[in-house]
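Q: One predicted model, sequence on top.
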Amino acid sequence: MKIIMLGAPGAGKGTQAKKIAEKYSIPHISTGDIFRANIKNGTELGKKAKEYMDQGLLVPDELVVDLVVDRVGQPDAANGYVLDGFPRTIPQAEALDKALEALGEKVDYAINVEVPDENIINRMSGRRACVACGATYHLVHIPPKTEGICDKCGKELILRDDDKPETVKKRLDVYHDQTQPLIDYYTNKGILKEVDGTVDMEIVFKNITDILGE
Ligand code: AP5
Ligand code: MG
């Protein structure tokens, strides 16, 4: 099962993608997490990506596409995967389709998690992420058991650099401009599924599994 998560920054793509990956035993591939790991490890890719990410801009397509095409070709992705944060532009979607077509494969579902802009800023300012394992929390909605500490691995929780309100506004503009057109792209392919992302995360997940099946 090959799944793409679509949605504005903070819509809950990562939260749902992790649950999907666990339930269906497929890898969760988040380009944002890959970039953040590279930034943390001080790689060349990380240095380049950080320049764009800190401004709320997209990393150029050429730095993303090969990385993802390579990742989905790894053995653990043979039975499918859930892509979170990719594709984010029409050229990225076309590049993915082309790479899959060459393998005789295709994307099965593009799930759009819908959350209006008004809800997003509040969500982002409350989000805390684990520097080590990538688990995410929300100060109000999904608080960790001990303040500032990850329940899963015991490491420190941080506010992402790009979750400051002014950067979130920029990310929303970039989303509407460059990523939202993918909704039409996947609608035209007949694989777009919409879910309401404003309800409780367990209900969002139930609605997604109703689409994907048991
Ligand atoms: P990325 O890491 O993908 O960030 P994003 O798309 O902006 O999305 P987020 O991770 O912020 O939100 P999310 O939808 O995963 O929400 P989450 O589940 O955490 O990308 C970061 C940057 O990397 C980009 O800006 C770009 O620069 C670069 N990049 C990445 N991929 C790229 C690509 N393909 N091309 C070019 N550049 C790329 O939830 C948010 C919060 O809400 C959390 O606190 C969560 O606990 C809470 N929450 C979740 N669901 C609910 C719910 N139902 N109710 C209440 N709270 C909830
Ligand atoms: Mg995410």
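A: Cool, the structure landed. Numbering: from 1, shown residues only. Ligands and ions are numbered 1, 2, ... in the order given.
Q: Which neighbouring elements make contact with the lowest-mean-pLDDT helix or strand in the chain?
A: Ranked by mean pLDDT, DSSP states H and E, the helix or strand of the chain with the weakest confidence is helix 117-126, at a mean of 89. When contacts are defined as 3 or more C-beta pairs under 8 Å, 6 or more residues apart in numbering; DSSP states H and E, helix 117-126 sits against helix 165-174. Where you see a C-beta, it was placed from the backbone N, CA and C, and this is true even at glycine.
Q: Is any residue of the helix or strand that the helix it packs on is followed by near ligand 1?
A: Remark: after helix 165-174, the chain's next helix or strand is helix 181-188, criterion DSSP states H and E. No - figure legend: helix 181-188 not in contact with ligand 1 (C-beta under 6 Å from any ligand atom); closest approach 10.6 Å.
Q: Near V69, how many other residues are there?
A: Using other C-beta atoms under 10 Å, V69 is surrounded by 15 other residues.
Q: I'd assumed it was in a helix, is it?
A: Yes - applying DSSP: H, G, I helix; E, B strand; the rest coil, one finds V69 inside a helix.
Q: And the contacts of the helix or strand following the least confident helix or strand of the chain?
A: Using DSSP H and E, the helix or strand that follows helix 117-126 in sequence is strand 127-130. Identification of contacts with strand 127-130 by C-beta atoms under 8 Å, 6 or more residues apart in numbering yields 10, 135-139, 144, 148, 150, 152-153, 155-160, 163.
Q: ok, now with 7 Å
A: If you take C-beta atoms under 7 Å, 6 or more residues apart in numbering as the criterion, strand 127-130 is touched by 136-139, 150, 153, 155, 157-160, 163.
Q: Please compute how far that strand lies from its chain's middle.
A: 14 Å (C-alpha atoms, centre = their mean, to the nearest Å).
Q: Show the subsequent helix or strand relative to it.
A: Per DSSP H and E, strand 127-130 leads on to strand 136-138 as the next helix or strand towards the C-terminus.
Q: Nearest to ligand 1: which residue in the protein?
A: G32 (1.9 Å; C-beta to the nearest ligand atom).
Q: Leaving aside the residues adjacent along the chain, what's closest to that residue?
A: G85 (4.6 Å; C-beta to C-beta, 6 or more residues apart in numbering).
Q: Against L58, how distant is the one you found?
A: Computed as C-beta to C-beta, to the nearest Å, the G85 to L58 distance reads 10 Å.
Q: which residues in the chain form strands?
A: Remark: strands assigned in the chain by DSSP state E are 2-6, 28-30, 81-84, 109-114, 127-130, 136-138, 157-158, 192-196.
Q: so can I have a markdown table of those showing distance to T167, mean pLDDT and mean neighbour count?
A: Formatted as a markdown table, the strands of the chain follow (distance: least, C-beta to C-beta, whole Å; pLDDT from 0 to 100; neighbours: other C-beta atoms under 10 Å):
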| stretch | distance to T167 | mean pLDDT | mean neighbour count |
| --- | --- | --- | --- |
| strand 2-6 | 21 | 98 | 24 |
| strand 28-30 | 18 | 98 | 21 |
| strand 81-84 | 19 | 98 | 24 |
| strand 109-114 | 20 | 98 | 22 |
| strand 127-130 | 13 | 92 | 21 |
| strand 136-138 | 17 | 93 | 18 |
| strand 157-158 | 15 | 94 | 17 |
| strand 192-196 | 26 | 98 | 17 |
